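Enquirer: give me the fold of what follows.
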Amino acid sequence: MGKADFHIHTSLNDGTATVREVLDYVRDRTDLDVMAITDHDRLTGSYQAQEIANEYRFEVVTGCEITTLHGHLLALFIEKPIPMWRPLDWTIGKIHEQAGLAIAVHPFSMLTRSIGFRSFDGIMKHPSPDIYFDAVETFNPSVAGRTCAAKIDRLNKSRFHLPEVGCSDSHHLQGIGTGYTTFPGKDAQDLKKALLASQTKAFGEYWDFVTHRRIAQLKFRRIGRNWARMGRSAVRAFARG
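Expert: Numbers count the residues shown, from 1 in each chain. This next block holds a predicted model:
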């Protein structure tokens, strides 16, 4: 079975590690077969990872976490940017135009920008054959993911029946791989086939209070470095994500 974590952020956005540091960590400290850089609303980190991917044993998938009008949506296997702040169904359509996968991440969470039940259910009932979720994140180790885990797991098993995925949503190195997806095969195309065939499973370990405190410390240190180097404009840019 293959193992993947395809919800990871870098310092090009609101994460705390560079693209190179993330890839080195995956190589040295995990057994992942597939990973993805999915910074918010930009493919810059994903492009950088692709440029050096041949230096590593695992495969790197392109992607980003898109901010829609109705919450965050993970887009995998896309090559061109998709605008933020558009309706959820429109965004899903644009992902599928690129033969990408649209994955609902940390749905129903009140602690971060997430797709709510009404919007989620609306996509599940959408009349267009092109507007649908390819999978749903049923495991996310952060407190934002933990608060909604039982609800999405229950609803997915009883009502939605979407392929399940586990991801770390990591903004720091030590979080990478703490949430992961298993699938038949080893490479990125095997992962995509498994998602389309509902052959994935979600696993992971929730972060404790100490881990969350450590993440906050790392982010504040980064803000301080940005302030010293570039001034207030950099801090405002970081806050906007």
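Enquirer: walk me through the domains of this protein.
Expert: 2-207, 209-241 (automatic domain parsing).
Enquirer: let me know the average pLDDT across the first one.
Expert: Averaging pLDDT along domain 2-207 gives 97.
Enquirer: off-centre distance for that domain?
Expert: Relative to its chain's centre, domain 2-207 lies at 3 Å (CA atoms, centre = their mean, to the nearest Å).
Enquirer: and the domains of the chain, which is most packed in?
Expert: Looking across those with neighbours counted as mean count of other CB atoms under 10 Å, the highest average goes to domain 2-207: a mean of 20. All C-beta spots, glycine's among them, are computed from the backbone N, C-alpha and C.
Enquirer: quick one: end-to-end distance for it.
Expert: One end of domain 2-207 to the other measures 23 Å (CA to CA, to the nearest Å).
Enquirer: equivalent analysis for stretch 70-79, please.
Expert: Note: stretch 70-79 ends 23 Å apart using CA to CA.
Enquirer: any residues touching that stretch, and which ones?
Expert: Residues outside stretch 70-79 that contact it (CB atoms under 8 Å, 6 or more residues apart in numbering): 6-7, 36, 38, 40, 43, 61-66, 82, 87-88, 91-92, 95, 98-107, 112-116, 119, 137, 167, 188, 192.
Enquirer: stretch 17-34 now?
Expert: By CB under 8 Å, 6+ apart, the residues outside stretch 17-34 that reach it are 2-6, 8, 10-12, 15, 35, 37, 45, 48-49, 52-53, 55-61, 172-173, 176-177, 180, 186-188, 191.
Enquirer: for the protein, just list every one of the helices.
Expert: With DSSP state H as the definition, the chain shows helices at residue ranges 19-29, 44-52, 88-97, 117-124, 143-155, 188-196, 209-230, 232-240.
Enquirer: quick check: angle from the shortest one to helix 88-97?
Expert: This points to helix 117-124. Between helix 117-124 and helix 88-97, the angle comes out at 40 degrees (axes from the mean of the first three to the mean of the last three CA atoms, to 10 degrees).
Enquirer: helix 117-124 - contacts with which helices or strands?
Expert: Packing contacts for helix 117-124, counted by 3 or more CB pairs under 8 Å, 6 or more residues apart in numbering; DSSP states H and E, involve helix 88-97.
Enquirer: so what touches the helix it packs on?
Expert: With contact meaning CB under 8 Å, 6+ apart, helix 88-97 is reached by 66, 68-71, 73, 75, 78, 82, 86, 101-102, 115, 119, 122-123, 126, 128, 130-133.
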